[in-house]
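**Student:** Let me see the structure of the following:
(one chain, ligands or ions: 1)
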Amino acid sequence: MRRTVALAFSGGLDTSVCVKWLQEKYDAEVVTVTLDLGQRDDMDEIEKRSRQIGARNHYTIDAKEEFIHDYVFPSIKANALYEGKYPLSTALGRPLIGKKLVEVAEKEGADAVAHGCTGKGNDQVRIDVTVRAMNPSLQVIAPVREWNMSRDEEIAYAQERGLPVKPSKSIFSVDQNIWGRSVESGPLENPGTEPPEDAFEWTASPEEAPDEPRYLELGFQEGVPARVDGKAMDPLELVSYVNEVAGAHGVGRIDHIEDRLVGIKSREVYECPAASVVIDAHRDLEKLVLTRHELDFKAHVEREWAWLVYSGLWLEPLRPALDRFIAATQHRVTGSVKVKLYKGTSRVVGRSSDYSIYDIGLSTYGRGSTFDQKSAVGFIELWGLQSRVASGLSSQAEEKEKNGHQGTKAKEAQ
Ligand code: ARG
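**Tutor:** Residues are numbered from 1 along each chain as shown. Model (predicted):
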């Protein structure tokens, strides 16, 4: 009996060639798996292509809800931005792809899974690590890492075997899901040049965006967005809607010099309208309701969370442990944030919450302040205590050193 391999299949040139290559090189039957993560592809077309190329079976898995609930929502609570900029859209999707590959492999009696990642990126790590953690008996095959074909050679390989692939005309390498669109290669590889307008698909050029600002009122419930402009929306609807509206105002373009896990620095361009707006708003609301100490400590946790997810360690036990800390901070992150979208910018211009720690009685410079200014004097006395003692000591030391020098000079002069 021939062996079976479950292949993550996008329908593009690489993974189409993978199907044939796995059949020929590994004498395998191939089962293809395509996840719908909201990437706006034609799923029927992808299935058709898989069958034409000769896959034994094909799975289209609608994983949008699971993706948002179990991956995107935790990332919002964690304000997750890798290196302060990248909302991890691609990175969050990979462990879910790995998980579904394992499920299909087990169902189909496969002894291996395969994917179309190259050997230069993060995605191979994310999928390989997930698959091996979930089922160590599965082999992971990454044909693109092995076959050493140039793009032209791949096209020739496909043509010789009559594969129904249309090499895409795009000069960019793109990955997308509901949380964002990653664009690489082509002219973007020169970090010194501005991304050309055709690199973008989800966002209007800020110059072309409407002249009227658009206000969005985002309602959060325990750390996740639940309402827009007062209207309750389910998560998928909400994220799609914010992508749409913010994108139309040119919001969400990210130009990032990124440190890949494998050590390469790369220039990455992203379009993440909803992610940019929602994370910014969420962080702002946290500032209203969490204490200074919670915010300080959470910032460390957020950095670690983003790093684990970026670097493919979704299944590392530290990640759910951090999630439990984060969850404990989110009960009060309920309230509403007003965001102003205008020609490529998104600015929080108002926020409110029943759990607000902001007390106008304390902060006001106007009449009726409840803050007793006299108590500041004693506080400052103690707050500066160590600085005062230390700076007294260092003046004494300087004095001594000066005298010492003069002493030496006097000796030399003798
Ligand atoms: N640099 C990003 C990441 O590591 C995006 C990767 C995009 N992947 C792709 N196959 N084009 O998450």
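**Student:** tell me how far the worst-scoring helix or strand of the chain on mean pLDDT is from the chain's mean position?
**Tutor:** The least trusted helix or strand in the chain, going by mean pLDDT, DSSP states H and E, turns out to be helix 385-413, with a mean of 84. With Cα atoms, centre = their mean, to the nearest Å as the basis, helix 385-413 stands 53 Å off its chain's centre.
**Student:** which ones are touching the residue nearest the centre of the chain?
**Tutor:** Closest residue to the average C-alpha location of the chain: residue 88 at 1.3 Å, with Cα atoms, centre = their mean. With contacts taken as Cβ atoms under 8 Å, 6 or more residues apart in numbering, residue 88 has the following neighbours: 75, 80, 81, 82, 179, 306, 309, 310. Every residue, glycine included, has its C-beta placed from N, CA and C.
**Student:** and if we set it to 7 Å?
**Tutor:** Contacts of residue 88 were listed using Cβ atoms under 7 Å, 6 or more residues apart in numbering, and they are 75, 80, 82, 306, 309, 310.
**Student:** Could I get the phi/psi values of it?
**Tutor:** Here the main-chain torsion angles of residue 88 (degrees, to the nearest 10) amount to phi 70, psi 20.
**Student:** per-residue pLDDT, the closest residue to the ligand within the stretch 251-400 of the chain?
**Tutor:** Proximity to the ligand, evaluated over the stretch 251-400 of the chain using Cβ to the nearest ligand atom, is greatest for residue 268 at 4.8 Å. In the prediction, the pLDDT value recorded for residue 268 is 98.
**Student:** Confirm residue 267 sits in a strand?
**Tutor:** Yes. Remark: residue 267 belongs to a strand, assigned using DSSP: H, G, I helix; E, B strand; the rest coil.
**Student:** picking that back up, please spell out which residues along the least confident helix or strand of the chain are buried.
**Tutor:** If you call a residue buried by 16 or more other Cβ atoms under 10 Å, then helix 385-413 has no buried ones at all.
**Student:** returning to that earlier point: the residue of the stretch 251-400 of the chain closest to the ligand touches residue 184, doesn't it?
**Tutor:** Yes. Contact status for residue 268 versus residue 184: in contact at 6.1 Å, counting by Cβ atoms under 7 Å.
**Student:** which ones are touching the residue found closest to residue 241 once you drop the neighbours it is linked to in the chain?
**Tutor:** Excluding the flanking residues, the one nearest residue 241 by Cβ to Cβ, 6 or more residues apart in numbering is residue 228, at 6.0 Å. Contacts were defined as Cβ under 7 Å, 6+ apart; by that measure residue 228 touches 216, 217, 218, 238, 241, 242.
**Student:** Out of the residues you listed, which comes closest to residue 355?
**Tutor:** When the contacts of residue 228 are ranked by distance to residue 355 (Cβ to Cβ), residue 218 comes first, at 16.0 Å.
**Student:** can you pull the contacts of the closest one?
**Tutor:** When contacts are counted by Cβ under 7 Å, 6+ apart, residue 218 touches 225, 228, 278, 281, 336, 337, 339.
**Student:** The third one sits in which helix or strand?
**Tutor:** With elements taken from DSSP states H and E, the one containing residue 278 is helix 273-289.
**Student:** So which residues of the stretch 251-400 of the chain form strands?
**Tutor:** Counting by DSSP state E, counting those that start in this stretch, the stretch 251-400 of the chain has these strands, from start to end: 253-259, 265-271, 335-342, 345-352.
**Student:** Partner strands of the second one and their direction?
**Tutor:** Using DSSP bridges, the neighbouring strands of strand 265-271 in the sheet come out as strand 180-184 (antiparallel), strand 253-259 (antiparallel).
**Student:** Then the third one?
**Tutor:** Within its sheet, and counting by DSSP bridges, strand 335-342 is paired with strand 214-221 (antiparallel), strand 345-352 (antiparallel).
**Student:** And the helix or strand hosting residue 76, what does it pack against?
**Tutor:** Residue 76 belongs to helix 73-77 when assigned by DSSP H and E. Contacting helix 73-77 under the criterion 3 or more Cβ pairs under 7 Å, 6 or more residues apart in numbering; DSSP states H and E are the following elements: strand 224-228, helix 273-289, helix 318-330.
**Student:** contacts for that helix?
**Tutor:** With Cβ under 7 Å, 6+ apart as the contact definition, helix 73-77 has outside contacts at 88, 92, 223, 224, 278, 279, 282, 323, 326, 330.
**Student:** which bits of the protein sit near the ligand?
**Tutor:** Counting by Cβ under 6 Å from any ligand atom, the residues of the chain lying close to the ligand are 90, 91, 122, 123, 173, 175, 182, 184, 258, 268.
**Student:** what about burial for the residues you listed, which qualify?
**Tutor:** 90, 91, 122, 123, 173, 175, 182, 184, 258, 268.
**Student:** Just among the contacts of helix 73-77, which is most surrounded?
**Tutor:** The member of the contacts of helix 73-77 surrounded by the most neighbours (other Cβ atoms under 10 Å) is residue 278, with 30 neighbours in all.
**Student:** Contact partners for that residue?
**Tutor:** With contact set as Cβ under 7 Å, 6+ apart, residue 278 has these partners: 76, 218, 225, 242.
**Student:** can you rerun that using 6 Å?
**Tutor:** With Cβ atoms under 6 Å, 6 or more residues apart in numbering as the criterion, the residues that contact residue 278 are 76, 225.
**Student:** now swap in residue 53 and tell me
**Tutor:** Under the contact definition (Cβ under 6 Å, 6+ apart), the residues listed for residue 53 are 16, 19, 163.
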